[in-house]
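# Okay, structure incoming, though there's no sequence with it:
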């Protein structure tokens, strides 16, 4: 894990004075990622307890509900006039959702552990540092509150939750990439409609084992929502899984709607922005905390995805994502659409649920299968092996005998132009040679005779 705890406050509710308690704290030093993880694994949001009494934001109002500014400012409460997410299931693949908080009563319908150190139902917090992280994330997505108008309530308060626990950093000996891949498959097999991933590996690339896991989710019509990461935790640009084509990557903004300098990051894969500062979360022990990070922005969008699916049960995951990005409100600080800090803009739950949006036939956030085809090397099959027994071939037929003939058969032309002239020349040469020989002998004999006196 690579992360720093900054500007993090706990909010405690008391029935006696109805006060909102908040503060700032620091966290232990980060720990390295487990073996098998790609880069360092970081939760994309943190919080820590410290008491500092503060008056209730709105006298007479429930302090938790009053602090959830995104319910009104991002159209969530208006979307509830259409649906509150009933019938949808959001899988929280994180450090586990605590069993104790009343805000989760009836919300968690299943779970599993893939860290090797959690509980079989995924409800035991995993990790000494990040044990509360999964509960904070889940509470933003689908907390039930503590009453009709009290306690923290999630964006899709009638959606179901799956608590799938994994371990960040050294909290688990199981390779992180394996935990995530197995968790995604389990979520899909247990009817998740939306998967939330509030962590980053701080690297652009990802392990090939994630190819199959994410393709499995996409092929089963599941919306996958991912946190972009936080500069305050060392994420200067988005890292996997936020870089995987087809996921909806969520950037973070401040209360004013500006890109957060500490609780967000940048990258061309960001699709939408949501609040990442001054967020609330229910801890595993039931306490409320105020925290920052795109870890919180992601489940807000995951909850909105559940609202869209509940309102439009006939559309597929690609069109759920398309509705969310096409109905986004323009971000004042954006210089393009999509923008590397804001994506398509600020999420608008009411518009995503109710607006008329043209359908699409492909995921606007990319095609993982096509990316694999272009950038992954094709698997090479094993070399062919020799068979156990030799193969017997039939005998070839005997060759036809070739006739024996002279290459120069005699004929009139060969006699006229070959044999006769050649014979004549040969005879003449012999005669000349004999004449020369006779003449030479005669000369020698004359020289040998003594001179006459």
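Yes, it's here. Please read all numbers here as calculations on a predicted model, not as lab measurements.

# in the stretch 251-400 of the chain, which spans are strands?
Along the stretch 251-400 of the chain, counting by DSSP state E, counting those that start in this stretch, strands occupy 270-275, 279-282, 288-291.

# partners of the second one, with directions?
Put plainly, it is strand 279-282. Using DSSP bridges, strand 279-282 pairs in its sheet with strand 288-291 (antiparallel).

# Now do the strand it pairs with, average pLDDT.
Taken as a whole, strand 288-291 has an average pLDDT of 98.

# what about residue 312, how many residues close to it?
18 (other Cβ atoms under 10 Å). C-beta coordinates here come from the backbone N, C-alpha and C atoms, glycine included.

# mind listing what it touches?
319-320, 323 (Cβ atoms under 8 Å, 6 or more residues apart in numbering).

# Give me the three-state assignment for the closest residue to residue 86 other than its chain neighbours.
Excluding the flanking residues, the one nearest residue 86 by Cβ to Cβ, 6 or more residues apart in numbering is residue 158, at 4.0 Å. On the three-state scheme (DSSP: H, G, I helix; E, B strand; the rest coil), residue 158 is labelled coil.

# I'd like the distance between the closest residue to residue 238 other than its chain neighbours and residue 370.
Excluding its sequence neighbours, the residue lying closest to residue 238 (Cβ to Cβ, 6+ apart) is residue 267, at 3.2 Å. When distance is defined by Cβ to Cβ, to the nearest Å, residue 267 is 20 Å away from residue 370.

# Likewise for residue 339?
24 Å.

# Compare the two and say which is more crowded by neighbours.
Using other Cβ under 10 Å, the more surrounded residue of residue 339 and residue 370 is residue 339, with 20 against 12.

# right, and that one touches residue 331 too?
Yes - counting by Cβ atoms under 8 Å, residue 339 does reach residue 331; the two are 6.8 Å apart.

# Now do stretch 256-265: everything it contacts.
Contact with stretch 256-265 is made by 6-7, 45, 228-232, 235-238, 251-254, 266, 273, 276-277, 292-294, 297, 331-333, 341-342, 346, as judged by Cβ under 8 Å, 6+ apart.

# Could you find the residue nearest the spatial middle of this protein?
In the chain, the centroid-proximal residue (Cα atoms, centre = their mean) is residue 244; its distance is 2.9 Å.

# Just give the nearest non-adjacent residue to that one, would you?
Using Cβ to Cβ, 6+ apart, the nearest residue to residue 244 is residue 214, at 5.6 Å.

# Okay, and that neighbour sits in which element?
If you go by DSSP states H and E, residue 214 is part of helix 209-219.

# What is the distance between that helix and the centre of its chain?
8 Å (Cα atoms, centre = their mean, to the nearest Å).

# mean confidence for that helix?
Helix 209-219 shows a mean pLDDT of 98.

# Name the residues of it that are buried.
In terms of neighbour count (16 or more other Cβ atoms under 10 Å), helix 209-219 has its buried residues at 210-211, 213-218.

# same for it, what does it pack against?
helix 176-189, strand 223-227, helix 368-375 (3 or more Cβ pairs under 8 Å, 6 or more residues apart in numbering; DSSP states H and E).

# repeat that with 6 Å
On a contact count with 3 or more Cβ pairs under 6 Å, 6 or more residues apart in numbering; DSSP states H and E, helix 209-219 meets helix 176-189, helix 368-375.

# Tell me which of those helices is the most buried.
Mean neighbours per residue, mean count of other Cβ atoms under 10 Å, is largest over these for helix 176-189, with a mean of 22.

# Following element in sequence after that helix, please.
strand 194-197.

# Direction included, what does the following helix or strand past that following strand pair against?
The helix or strand immediately downstream of strand 194-197 is strand 199-200, counting by DSSP H and E. When sheet partners are counted by DSSP bridges, strand 199-200 sits next to strand 42-43 (antiparallel).

# what residue ranges in the stretch 1-150 of the chain are flagged as low confidence?
1-42, 44-59 (pLDDT under 70).

# And the helices in the stretch 201-350 of the chain, which stretches?
Assigned by DSSP state H, counting those that start in this stretch, the helices in the stretch 201-350 of the chain fall at 209-219, 294-311, 317-326, 349-354.

# Quick check: which of those helices is nearest to residue 168?
helix 294-311 (11.0 Å; Cβ to Cβ).

# So what angle separates the directions of that closest one and strand 223-227?
When axes from the mean of the first three to the mean of the last three Cα atoms, to 10 degrees is applied, the directions of helix 294-311 and strand 223-227 differ by 160 degrees.

# Give me the contacts around stretch 324-341.
Taking Cβ atoms under 6 Å, 6 or more residues apart in numbering as the criterion, the residues outside stretch 324-341 that touch it are 258-259, 266-268, 271-272, 342, 344-348, 351-352, 355, 357.
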